[in-house]
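Student: From the sequence below, what's the structure:
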Amino acid sequence: MDLLTIKQAIVLTGKSEATIRRIIKKASAKKPKKAKKEGLIWLIDKDFLLSEFSLEPPGQETARDPKEDLTTQALIKQLEIKDQQIAELNSRLSEANILQKQLQDNLFKTKQIADKKPNIFRRFLGK
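Tutor: Purely as a prediction, here's the structure:
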């Protein structure tokens, strides 16, 4: 029986101290006991802890389905294509923004010129 301290259990599982303490309370009530107190330190059985969180011991990998590998490869390829499409759309959007800015500048210049020209109604009304 491989025993872990609370800190080691936190590092192994990534769970909070409160969660580990709840599991220790549960484990100490089991027969045979899966957790014990030595002095001021609680120790919990590593296999019990991993089974409670449905985790696999480090170094053990499950056999992977070849179909999953093909699916993963297909999804990665699709992501790469989508990244390229997004990059192209961003460059097009940048070009459109530049053109829009130029058109706004030209419109502003045209409006300034139109404001400087004498208005025919102002001549007749004397304003």
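Student: Show me where this protein has its strands.
Tutor: 3-4, 35-38, 41-45 (DSSP state E).
Student: Mind telling me which of those the model trusts least?
Tutor: Lowest mean pLDDT within these: strand 35-38, a mean of 84.
Student: what's in contact with that strand?
Tutor: Residues outside strand 35-38 that contact it (Cβ atoms under 8 Å, 6 or more residues apart in numbering): 3, 23-24, 27-28, 42-45, 48. Yep, even glycine has a C-beta here, placed from its N, CA and C like the rest.
Student: Can you give me the buried ones in it?
Tutor: Under the neighbour-count criterion of 16 or more other Cβ atoms under 10 Å, strand 35-38 has Ala35 buried.
Student: before we move on, back to that, could you flag which of the contacts of strand 35-38 are buried?
Tutor: Among the contacts of strand 35-38, those buried by neighbour count (16+ other Cβ under 10 Å) are 3, 23-24, 27, 42-45, 48.
Student: Closest one of those residues to Ile98?
Tutor: Ile23 (59.7 Å; Cβ to Cβ).
Student: Hmm, Lys46 and that closest one touching each other?
Tutor: No. Between Ile23 and Lys46 there is no contact under Cβ atoms under 8 Å: 11.8 Å.
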